[in-house]
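In: Dropping the sequence and predicted coords here.
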Amino acid sequence: RKEVEQDPGPFNVPEGATVAFNCTYSNSASQSFFWYRQDCRKEPKLLMSVYSSGNEDGRFTAQLNRASQYISLLIRDSKLSDSATYLCVVNGETSYDKVIFGPGTSLSVIP
Amino acid sequence: DAGVIQSPRHEVTEMGQEVTLRCKPISGHDYLFWYRQTMMRGLELLIYFNNNVPIDDSGMPEDRFSAKMPNASFSTLKIQPSEPRDSAVYFCASRPAVASYEQYFGPGTRLTVT
């Protein structure tokens, strides 16, 4: 089993739609979780951290389920500018200094 | 702050040649990471440094790859000799010592080995 797994998509959704991404991780001892966003031919950038109690940032909501070892990202009222690849990130098994990036889920928001 | 700086942005070289990629982390950041990204394998950690000291190089694919960090503001990733399968985007990232774990990425170097 890979350390971090994501549905690769692509997800093609119309503007205004709600879309959800899931991510599973293998290390039950992981403590840090993030969603990064990567635009085409650009570097990854932090979208939001994921906290145990769940957290929201505008149209974005992140949830953590430790028992099932999965993380979710919900995007409401999708905009064209949300089109990107979303990377699930979890701290590594052997060291909390480094993190493991999932393969990413591609999102295209269509007019 | 200028952010993480990488050079060159693009590199095209022939198989067998030496390639050196450069990175300047954000001032004050204690950690520096080198990643490689390909369509097939995604984003892979190659090596990371803490206070200029290499901590984990288990991701370095072969002895052809080497990385150094002679001071807090500069790091290099060298491939010698290069092979076509090394073609990828190489990212450098840095983060502060605090346990926020957010990494700041440079724009990457797109390497093509022919």
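Out: Right, received. Where do you want to start?
In: where does residue B:102 fall, helix, sheet strand or coil?
Out: Secondary structure assignment for residue B:102 (DSSP: H, G, I helix; E, B strand; the rest coil): coil.
In: gap between residue B:36 and residue B:94?
Out: From residue B:36 across to residue B:94, the span is 17 Å (C-beta to C-beta, to the nearest Å). C-beta: built from backbone N, CA, C; applies to glycine.
In: out of these two, which sits in the more crowded spot?
Out: residue B:94 (25 against 22; other C-beta atoms under 10 Å in any protein chain shown).
In: what's the burial count for the nearest residue to residue B:81 once chain neighbours are set aside?
Out: Leaving aside its sequence neighbours, residue B:81 sits nearest to residue B:16 (C-beta to C-beta, 6 or more residues apart in numbering or on different chains; 4.5 Å). Neighbour count for residue B:16, taken as other C-beta under 10 Å: 10.
In: do the same with residue A:110
Out: 11.
In: tell me the contacts of the closest residue to it other than its chain neighbours?
Out: Once flanking residues are discounted, residue A:110 sits nearest to residue A:14: 5.4 Å by C-beta to C-beta, 6+ apart. Contacts here follow C-beta atoms under 8 Å, 6 or more residues apart in numbering or on different chains; on that basis residue A:14 touches A:78, A:109, A:110, A:111.
In: Which positions in chain A make contact with chain B?
Out: For chain A, the contact set with chain B under C-beta under 8 Å from any C-beta of the partner chain comprises A:32, A:34, A:42-46, A:49, A:87, A:91, A:94-104.
In: ok, back up a step: which of the contacts of residue A:14 are buried?
Out: A:78, A:109 (16 or more other C-beta atoms under 10 Å in any protein chain shown).
In: Put together CSV for the contacts of residue A:14, with pLDDT, secondary structure and distance to residue A:65 on each row.
Out: As requested, the contacts of residue A:14 are exported to CSV (pLDDT from 0 to 100; DSSP: H, G, I helix; E, B strand; the rest coil; distance: C-beta to C-beta, whole Å):
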residue, pLDDT, secondary structure, distance to residue A:65
A:78, 98, coil, 23
A:109, 97, strand, 26
A:110, 96, strand, 30
A:111, 94, coil, 34
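In: that older thread, what's the spacing between the residue nearest to residue B:81 and residue B:113?
Out: 9 Å.
In: can you check residue A:62 too?
Out: 38 Å.
In: again, but for residue B:12
Out: From residue B:12 to residue B:113 the distance is 8 Å (C-beta to C-beta).
In: got it, and residue B:87?
Out: Taken as C-beta to C-beta, the span from residue B:87 to residue B:113 is 5 Å.
In: Likewise for residue A:3?
Out: 28 Å.
In: Neighbour count for those two, which is higher?
Out: Each of residue A:3 and residue B:113 has its neighbours counted (other C-beta under 10 Å); residue B:113 has more, 20 against 15.
In: Confirm for me that the more buried one is in contact with residue B:80.
Out: No - with contact defined as C-beta atoms under 8 Å, residue B:113 does not reach residue B:80; the gap is 11.7 Å.
In: which residues are in contact with both of those two?
Out: Joint contacts of residue B:113 and residue B:80 (C-beta under 8 Å, 6+ apart) are residue B:19.
In: thinking again about what came up before, name only those of the residues of chain A next to chain B that count as buried.
Out: Using 16+ other C-beta under 10 Å, the buried members of those are A:32, A:34, A:43-44, A:46, A:49, A:87, A:91, A:97-104.
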